[in-house]
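Undergrad: Structure, please.
(chains A, B, C and D)
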There are 2 protein chains.
Amino acid sequence: MNILIADDDQVVHESLGLYLKAEGFEPVDVYDGDAAVAAASDDISLCVLDIMMPGKSGIEVCKEIRKHSKLPIIMLTAKGEEIDRIVGLELGADDYIVKPFSPREVVARIKAVLRRTQEQQDGDDGALHFNGLSIDLKSYTVTLRGGPVVCTPKEIEILHMLASNPGQVFTREQLLNRVWGYDFAGETRTVDTHIKRIRAKLDNRDLGWSIKTIYGVGYKFEVEQ
Amino acid sequence: MNILIADDDQVVHESLGLYLKAEGFEPVDVYDGDAAVAAASDDISLCVLDIMMPGKSGIEVCKEIRKHSKLPIIMLTAKGEEIDRIVGLELGADDYIVKPFSPREVVARIKAVLRRTQEQQDGDDGALHFNGLSIDLKSYTVTLRGGPVVCTPKEIEILHMLASNPGQVFTREQLLNRVWGYDFAGETRTVDTHIKRIRAKLDNRDLGWSIKTIYGVGYKFEVEQ
DNA sequence: ACGCGCTGTGAACAATCGGTGATAATAGGT
DNA sequence: ACCTATTATCACCGATTGTTCACAGCGCGT
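TA: From the prediction side, this is the model:
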C-alpha cells in the first residue's frame, strides 16, 4: 500500500518513512507540489500533503487531485494556518495534522482515514462492497466487476456471513449455526459444497480478495491489506 | 453520543454546543472541575476539558478520570501554556487544542480522537503484537515484518499459547494439554518438531523476541526487556 | 402433475498436516 | 574430558481434512 508524502522537508520524509514501513506501508517521497500532482495518479492509496511547498502549494495540489479523484488526503498544517477550509467541503481533505506532529500520530491518522474512506465506499445500505464485488443481502443480489452474478439464497447468505467479517475464520459449525439455524442437523460437508459453488461463480483473479480455507479450522473471507 | 464540555466560559459552551448538535453529538455542559469528575462517570463518549477552571483544574480532572477509565480526553489550553499541554498529554489526554479555537476545528478533532480511540479498541482484539510480529488467532494469521507467514493451525496455536504469556515457561505436557487437549496420548517429541518448524518460519534476527528452550523444563516465548 | 432449480449427501479423489522413529547435536553433571 | 540426559533435526508415512462430482430429495411455481 503506497502512501504519497509531499513535503519539502527531508526530516519529515525520514521520520514518517520509518514508521510507515514498520507498519507495512510503502512511502513515496516527493518534495514539491508539481511532483505530488504527477505522482498522485500512480498506484497511491493515500496522500499526505504539506501546505507550504515549492511550486504548487498543498492546497492547490489538493484541489487538483479532487478534480478527478477521491483519493484520501491528509494535510499537514503549521500551527495557526486556516484549518477550517481544509477539512471543509471547499478542499475536500479528509483530515489534517498540525505541525509539529509525532510520526506515530500520523500513522494512526492515516489508518483512520483509510478505514473511514473504506467504510464510505461500503455505503449506507446493508450491502457489502469490495474491489469489484458487492453483496446485498437486502435484495439478494451479488455483482462482480459490475455485472450481476446469479447466486442461490444459501450461497449469498454464506458469502455475506463471511464477507461481513473479513479475516475472521468461521468453522463449519459456526456457519451452519448462523446461516442455517441452530437446529440444523446436517453434515458439515454441506458447507464445503456451497463454498465450492461460490468460488466457482466468483472467479476473482486480480481482485484483492478471496475465500481462504484454514486447514483444520474453517473458512474466511480475506481481503489483501 | 454525549460529549462532556468542561469550561467556566459560557461562550465556549454556546459555540461548541451548536456545532456539536449540528454534527449529531449531544453536549453535556459543566462549569468546574468537580462537576466534570462527577459527570464523567455517566454515559459520556469523550471529554473536552479546559485547563483553567474553578475547583479542580483540567489537569487534575484528567488525572482523576485516568485512574479508572480510558475515556477519550481533549484538553483546552490557552496560548502559551506549553508546559500544561505537555503535562496534559503525559497524563494521558488524547489531544489538545490551543485557544482561541474555531468550533469547527474542535468538532473535527473530536471526530478524529473518537476514530482513533475506536480503532485502538478494535486493534485490541485477541491479536498479539510484538516487534515486527503479530499473531491473530481470530483470523489464524501470523505476520512478520509486515509480511504474512504461512503457518499451520497447530503452529499458530502453539505460538499463540507461548506468546500470550511472554516469559512464562511451558512444559511439553502443558503445551500438549492446552493446545492438543487433555486426552491427547502422543509423544512429547511432537512438541519439539513443531517448535522447530515455528522457529524456521520466524527467522527473527534483530527483533527483540525469540522462543527459548529451558533445558530440562520446556519452552518459553521471551521478549527482551 | 410436471418440470426446474436449489440443497444436501455420499463417495472418490487430492492435498495437507501432524506424529514418529532414527540420528545428530548440545547441555549439564561428574 | 567424559558420559548421560535432553533437545534439535530430518525424512517419511499415515491419517486427517478438503475438494470435487454426480445424484437424489425437496420445494416451488406453472
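Undergrad: quick one, what contacts A:D192?
TA: With contact set as Cβ atoms under 8 Å, 6 or more residues apart in numbering or on different chains, A:D192 has these partners: A:R172. Placement of C-beta: from N, CA and C, glycine included.
Undergrad: what's the following helix or strand after the strand or helix carrying it?
TA: Assigned by DSSP states H and E, A:D192 falls within helix A:189-201. For helix A:189-201, the following helix or strand on the C-terminal side (DSSP H and E) is strand A:209-214.
Undergrad: Quick check: neighbours of that following strand in the sheet, parallel or antiparallel?
TA: Take DSSP bridges as the rule and strand A:209-214 pairs in its sheet with strand A:218-223 (antiparallel).
Undergrad: Now the partner strand - C-alpha only, CSV.
TA: The C-alpha coordinates for strand A:218-223 follow below in CSV (Å, rounded to 0.1, in the frame of the first residue of the first chain):
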residue,chain,number,x,y,z
GLY,A,218,-12.8,-23.5,8.6
TYR,A,219,-13.2,-20.7,6.0
LYS,A,220,-12.6,-17.0,5.9
PHE,A,221,-13.1,-14.1,3.6
GLU,A,222,-9.7,-12.5,3.2
VAL,A,223,-9.0,-9.0,1.8
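Undergrad: and for it, what are the contacting residues?
TA: Residues from elsewhere that reach strand A:218-223 (Cβ under 8 Å, 6+ apart): A:130, A:159, A:162-163, A:165-172, A:174-175, A:191, A:195, A:208-214, B:139-140.
Undergrad: can I see the domain layout of chain A?
TA: A:2-122, A:128-223 (automatic domain parsing).
Undergrad: Let me know which of those is tucked in deepest.
TA: Most buried of those by mean neighbour count (mean count of other Cβ atoms under 10 Å in any protein chain shown) is domain A:2-122; its value is a mean of 18.
Undergrad: Show the average pLDDT along it.
TA: The pLDDT scores in domain A:2-122 average 78.
Undergrad: can you list the residues of chain A near DNA strand D?
TA: Within chain A, the positions near DNA strand D by Cβ under 7 Å from any atom of the strand are A:172, A:189, A:192-193, A:195-196, A:199, A:213-218.
Undergrad: redo that, cut-off 6 Å
TA: A:R189, A:D192, A:T193, A:I195, A:K196, A:R199, A:T213, A:Y215, A:G216 (Cβ under 6 Å from any atom of the strand).
Undergrad: May I see the residues you listed organised as CSV, with pLDDT added?
TA: Formatted as CSV, these follow (pLDDT from 0 to 100):
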residue, pLDDT
A:R189, 88
A:D192, 93
A:T193, 92
A:I195, 93
A:K196, 93
A:R199, 91
A:T213, 93
A:Y215, 93
A:G216, 91
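Undergrad: In chain A, which helix is the longest?
TA: The single longest helix within chain A, with elements called by DSSP state H, is helix A:103-122.
Undergrad: Would you format the residues of chain A next to DNA strand D as a markdown table with distance to B:K99 included?
TA: Listed next are these as a markdown table, based on distance: Cβ to Cβ, whole Å:
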| residue | distance to B:K99 |
| --- | --- |
| A:R189 | 66 |
| A:D192 | 63 |
| A:T193 | 65 |
| A:I195 | 58 |
| A:K196 | 63 |
| A:R199 | 58 |
| A:T213 | 57 |
| A:Y215 | 59 |
| A:G216 | 59 |
